[in-house]
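sequence and predicted structure below; questions after.
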Amino acid sequence: MKANQLTNREIDSFSTQMALVLHAGISAYEGIAIMNEDAGSEELKPVLADIYKHLENGESFHDALAATSAFPDYFLKMVQIGEMSGRLDEVMESLSVHYRRMHDNSESIKSAVTYPFVMIIMMLVVVGVLITQVLPIFNQVFSQLGSSITGFSKMVLDLGMTLSNYSYIFIGIIVVIMILFLYFTKSESGKMKLYNFFAKWRFTRKLSLKLALSQFTSGMSIALSSGLDIDQSLEMSKELINHKELMDKITKVQMSLAEKDLATSLVEMGVFNGMYARLVKIGNKTGHMDDIMREIADQYDRETNERILNLIGIIEPTLVAILSILVGIILLSVMLPLIGIMSSL
């Protein structure tokens, strides 16, 4: 990502405003002037000012956007196609939906990752305080009663004493976890590695595929509705995804188009199956493939959101149960011997 490139949410906001302006019959130049005057976002304002400056110099809308280096290549290509076909208003509206979908998917993944990280840090803090602060107090009580902690409790106490003596290591572990969290949720390379991990991990493999299919079908919907042919639509939509398995399938679809139609190729290469395969075939027969692709993208969004919520629903009680068990084991390991000693007095 370039240093000043806009986020998906900001691109969504920009596209929505431009679509409204163009639908109202206002030119792109006048629309940018209006948006520049009323810009509420500090990130978007300098970009709008830059676009306006280039438009004043007589450049096309596409060239003005490209000169800012604030928009991704796919967005710029679609704007250029919209200008050439005279359907820029429709393209901007479709791009708004597409980038809103990408933002929502990104936020869903972030929420699914954030909760486990927060819980793990809480678990480390609670267990750390327990074995470094609470257990030594129990050890003093045992000493006063003429006994000592043994067995598992002694092992945990020794660990606590070690952590107390080398507390910077414990703090360092928490700091490393926080840095990793920021890396995987904020940086593009981190997001890519996290996405690749999800694509390979057994429990999230289907989720990552659905996310990739959502991006692919959304891109196909925009490309086809903008007047691009099937080959161009497939090539541009393939640029939106980072899922290797799906990219390989789409490449095979492109190679088979010389002998088969798009719907047949997509189904036979395993891009779609079940209900989605039937929808694609219907779209191909009725000539409304762009609408079908949009509907499929919406359906994949609903499915991924449901799956992410289910994952969070599983992770939440699991981590709480693990924390409760750890705390319970540590406390019982010292409380039971202590109760035995007290009852014998």
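The structure has been received and is ready for your questions. Numbering: from 1, shown residues only.

lowest confidence element among the helices and strands of the chain?
In the chain, no helix or strand scores lower on mean pLDDT, DSSP states H and E than helix 188-200, which sits at a mean of 64.

packing partners of the helix or strand that comes right after that one?
Beyond helix 188-200 on the C-terminal side, the first helix or strand identified by DSSP states H and E is helix 205-225. If you count contacts as 3 or more CB pairs under 8 Å, 6 or more residues apart in numbering; DSSP states H and E, helix 205-225 packs onto helix 73-85, helix 88-129, helix 188-200, helix 230-238, helix 244-256, helix 289-344. All C-beta spots, glycine's among them, are computed from the backbone N, C-alpha and C.

kindly recompute the last result at 10 Å.
Packing partners of helix 205-225 (3 or more CB pairs under 10 Å, 6 or more residues apart in numbering; DSSP states H and E): helix 73-85, helix 88-129, helix 188-200, helix 230-238, helix 244-256, helix 262-268, helix 274-286, helix 289-344.

ok, which of those comes nearest Leu213?
helix 289-344 (5.3 Å; CB to CB).

show me what that closest one packs onto, helices and strands only.
helix 88-129, helix 135-144, helix 151-165, helix 205-225, helix 230-238, helix 262-268, helix 274-286.

that helix to helix 230-238, inter-axis angle?
Using axes from the mean of the first three to the mean of the last three CA atoms, to 10 degrees, the inter-axis angle of helix 289-344 relative to helix 230-238 is 20 degrees.

how far is helix 289-344 from where the chain is centred?
How far helix 289-344 lies from its chain's middle: 20 Å, per CA atoms, centre = their mean, to the nearest Å.

quick one: mean pLDDT over it.
For helix 289-344, mean pLDDT is 77.

give me the most central residue, the protein.
What sits nearest the mean C-alpha location of the chain, by CA atoms, centre = their mean, is Ser106, with 2.7 Å.

what comes up buried for stretch 285-302?
Met289, Asp290, Ile292, Met293, Arg294, Glu295, Ile296, Ala297, Asp298, Gln299, Tyr300, Asp301 (16 or more other CB atoms under 10 Å).

the fifth one and Val97 touch, don't they?
Yes: the pair Arg294 and Val97 passes the contact test of CB atoms under 10 Å, sitting 7.8 Å apart.

which residues are in contact with each of those two?
The contact sets of Arg294 and Val97 overlap at Ser218, Ser221, Ile222 (CB atoms under 10 Å, 6 or more residues apart in numbering).

now pLDDT too, for these, in CSV please.
Output for the shared contacts of Arg294 and Val97, formatted as CSV (pLDDT from 0 to 100):
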residue, pLDDT
Ser218, 85
Ser221, 85
Ile222, 84
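
just the buried members of the residues you listed?
Neighbour-count burial (16+ other CB under 10 Å) applied to the shared contacts of Arg294 and Val97 gives Ser218, Ser221, Ile222.

winner for burial among the helices and strands packed on helix 205-225?
Comparing the helices and strands packed on helix 205-225 by mean neighbour count (mean count of other CB atoms under 10 Å), helix 262-268 ranks first with a mean of 20.
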